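J.: coordinates for the following, if possible.
(one chain, ligands or ions: 1)
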Amino acid sequence: MPETTFRKIGVLTSGGDCAGLNAVIRAVTAAASGRGWEVVGLRQGHLGLLQSPPDVTLLTADSVRGDLLRAGGTVLGTTTKGDPFAYPAPGGGTTDRSGEVVAAIKGLGIEALVVIGGDGSMRLFDRLLAPAGIPWVGVPKTIDNDVPGTEFAVGFFTAVEVVGQALDRLSTTAASHSRIMVLEVMGRDSGYIALYGGIAGGADVILMPEVPYDLDQVAAHVRRVTHDRPSAVLVVVAEGVTQPVEERRKKANVGLAVARGLQSRTGFDARCTVLGHVQRGGSPAAYDRILASGFGARAVSMLANGDSKRMVAWRGGLVTDVSMTEVIGGPRFVSADSQMVRTARRLGIYLGEGLEARYPG
Ligand code: F6P
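T.: Below you'll find the predicted structure:
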């Protein structure tokens, strides 16, 4: 089949930022420029397209050389706000500005788009671009790693690295004071960061949104692994974990609630650290650079092959791609029979209630 060629394509980042976005922008630009296509960077996700004139920048092979691979955040900016189908109107209420977004893309002469985003952004751009017939390919990114269709999204491994390093540091202060250290990590719906970060940093307990837990059982586990003597204990809690019943009215961070609950049940001193946006910042880990480079190059090849409404993906150690219909039903959750869940259980890490019956370790 003859290759599709474009005069001009667009690239944008959408949704929460993470490490590795610039590495994708660099790879897309390098691969597209190599084919002689012009690359336009769209600023602030779709928001730059609602400005007059649209807020865009020309990207060239020269402009993306140098430090872009290493740089955290996104040089294009991004947004989690301003749904174009229900855009906040000046006098209150909302207005549909989706037509303006599409008109701006066409007005700029952009013939195809690479959208770097999570499952929410894929849903948004599918809704925007499919009726307009604009070819587009998605690149998955999110520290939460909850985009369906891919084993790993750009940004995840950097966040895991940050969690692992935080646990390394917490372990020394925990040991010095014989304390329980609770580390609250990101992950609203999915526990991937908690699971992988907890394994990387040697956690004794990992609580994920997917798995119910019982604070009495967590405390019993803590007593068991410490032989009931105050000593260093590392507990990782995803932010999306259900609050312990006793703390629900206080509306504290769930990590703090778990720390309080464990202190009162064990009598051991406990502290909580909330890692927050530190997990999204900084230079990408090597694995994220590899994913970003493979994904960006593949996205351009896919457009050249005439593909559209597909997302690049990492499966079984290879870069591949999947249909957008597989992606937009997200988010993806940690499955109870996944290899890393089994690994954690075999290491004796407490993961919550209800896994024992199905996966005895
Ligand atoms: O989806 C990525 C994520 O980092 C979540 O883990 C977190 O709950 C959320 O974004 C934070 O969003 P914001 O930057 O808007 O506070």
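J.: now whichever residue of the stretch 51-200 of the chain sits closest to the ligand: how far from L170?
T.: For the stretch 51-200 of the chain, the residue closest to the ligand is M186, as judged by C-beta to the nearest ligand atom, at 3.2 Å. Glycine gets a C-beta too; all of them are placed from N, C-alpha and C. Going from M186 to L170 by C-beta to C-beta, to the nearest Å gives 16 Å.
J.: could you report the neighbour count for R169?
T.: For R169, the count of nearby residues is 13 (other C-beta atoms under 10 Å).
J.: who in this structure is up against the ligand?
T.: G16, T80, T142, I143, D144, M186, G187, R188, E239, R280 (C-beta under 6 Å from any ligand atom).
J.: would you map the strands across the stretch 201-350 of the chain?
T.: 205-207, 233-238, 270-274, 310-315, 318-323 (DSSP state E, counting those that start in this stretch).
J.: can I get those in TSV including mean neighbour count and mean pLDDT?
T.: Converted to TSV, those look like this (neighbours: other C-beta atoms under 10 Å; pLDDT from 0 to 100):
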stretch	mean neighbour count	mean pLDDT
strand 205-207	29	98
strand 233-238	28	98
strand 270-274	19	98
strand 310-315	23	98
strand 318-323	15	98
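J.: for R127, find the nearest of these.
T.: strand 310-315 (15.0 Å; C-beta to C-beta).
J.: next, the angle strand 318-323 makes with that closest one.
T.: Interaxial angle, strand 310-315 versus strand 318-323 (axes from the mean of the first three to the mean of the last three C-alpha atoms, to 10 degrees): 140 degrees.
J.: mind listing what A174 touches?
T.: Contact analysis of A174 by C-beta atoms under 8 Å, 6 or more residues apart in numbering lists I180, M181, A232, V233, L234.
J.: shouldn't the fourth one be in contact with V222?
T.: This means V233. Yes: the pair V233 / V222 is scored as a contact, 5.3 Å apart, by C-beta atoms under 8 Å.
J.: and for these two, which residues touch both?
T.: I180, D204, V205, F268.
J.: ok, how many other residues are close to the last one?
T.: If I follow you right, that is F268. F268, neighbours per other C-beta under 10 Å, totals 21.
J.: per-residue confidence for the nearest residue to it once chain neighbours are set aside?
T.: Closest residue to F268 apart from its sequence neighbours, by C-beta to C-beta, 6 or more residues apart in numbering: P230 at 4.5 Å. With respect to pLDDT, P230 scores 94.
J.: wait, P230 touches A270, no?
T.: No: taking C-beta under 8 Å as the definition, P230 is not a contact partner of A270, at 10.1 Å.
J.: list residues touching both of those two?
T.: Common contacts of P230 and A270 (C-beta under 8 Å, 6+ apart): R179.
J.: in contact with H177: list those residues for me.
T.: Residues near H177 by C-beta under 8 Å, 6+ apart: D269.
J.: ramachandran angles for it?
T.: Main-chain torsions, H177, degrees, to the nearest 10: phi -110, psi 10.
J.: how close does it sit to P230?
T.: Per C-beta to C-beta, H177 is found 9 Å from P230.
J.: just S171 next, same as before
T.: Distance from S171 to P230, by C-beta to C-beta: 15 Å.
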